[in-house]
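A.B. asks: got a sequence here, can you model it:
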Amino acid sequence: MPPEVQAFLEGISVWTVVAWGGVLALTWGVVRKVWPLLKRLADFLDDVMGEPARPGVPARLGLMERVMRVEHELFPNSGKSLRDQTNRMEQKLDRDHQRIGDLAGQFEQHIGKPIQIITNYTEEKP
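C.D. replies: The predicted model follows:
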């Protein structure tokens, strides 16, 4: 053994080795407990900030970009948002409802009276 290593080892006691072993074990235990929390924090920050594309993995938008995309769909704006489409469908349904009411009125006016006469005639003839 080289004399430098032998001199170093002579200066170390058993208690020093035990103390350093305890420090290493304690450090390892803390790292094992904290590591999952740090990993979850990193995942959360990746979700908030977004991630650029990398080989084999598409880019992910950050939280604010996703919120802006949803907000764009909730309010009337360019004519292509979900709100605009819902408004157009509601207007079409209102027009169709009005047309159905008009047709029902015309049916009652033109066809309903003869049917009423026929039903009255058949009810009187028992």
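A.B. asks: need the three-state assignment for residue 77.
C.D. replies: Taken by DSSP: H, G, I helix; E, B strand; the rest coil, the conformation at residue 77 corresponds to coil.
A.B. asks: wait, what's in contact with it?
C.D. replies: For residue 77, the contact set (CB atoms under 8 Å, 6 or more residues apart in numbering) comprises 83, 84. All C-beta spots, glycine's among them, are computed from the backbone N, C-alpha and C.
A.B. asks: next, give phi and psi for it.
C.D. replies: The phi/psi pair for residue 77 (degrees, to the nearest 10) reads phi -150, psi -90.
A.B. asks: from residue 87, how far out is it?
C.D. replies: Look at residue 77 and residue 87: by CB to CB, to the nearest Å, they are 11 Å apart.
A.B. asks: again, but for residue 48
C.D. replies: Relative to residue 87, residue 48 is positioned 33 Å away (CB to CB).
A.B. asks: neighbour count: these two, which is higher?
C.D. replies: When residue 48 and residue 87 are compared for neighbours, residue 87 comes out ahead with 13 against 10, by other CB atoms under 10 Å.
A.B. asks: give me the next element, helix or strand, following the lengthiest helix in the chain.
C.D. replies: Of all segments of type helix in the chain, defined using DSSP state H, the longest is helix 14-49. Tracing the chain past helix 14-49, the next element assigned as helix or strand by DSSP states H and E is helix 63-74.
A.B. asks: tell me the helices and strands packed up against that next one.
C.D. replies: Of the remaining helices and strands, those touching helix 63-74 by 3 or more CB pairs under 8 Å, 6 or more residues apart in numbering; DSSP states H and E are helix 14-49, helix 82-107.
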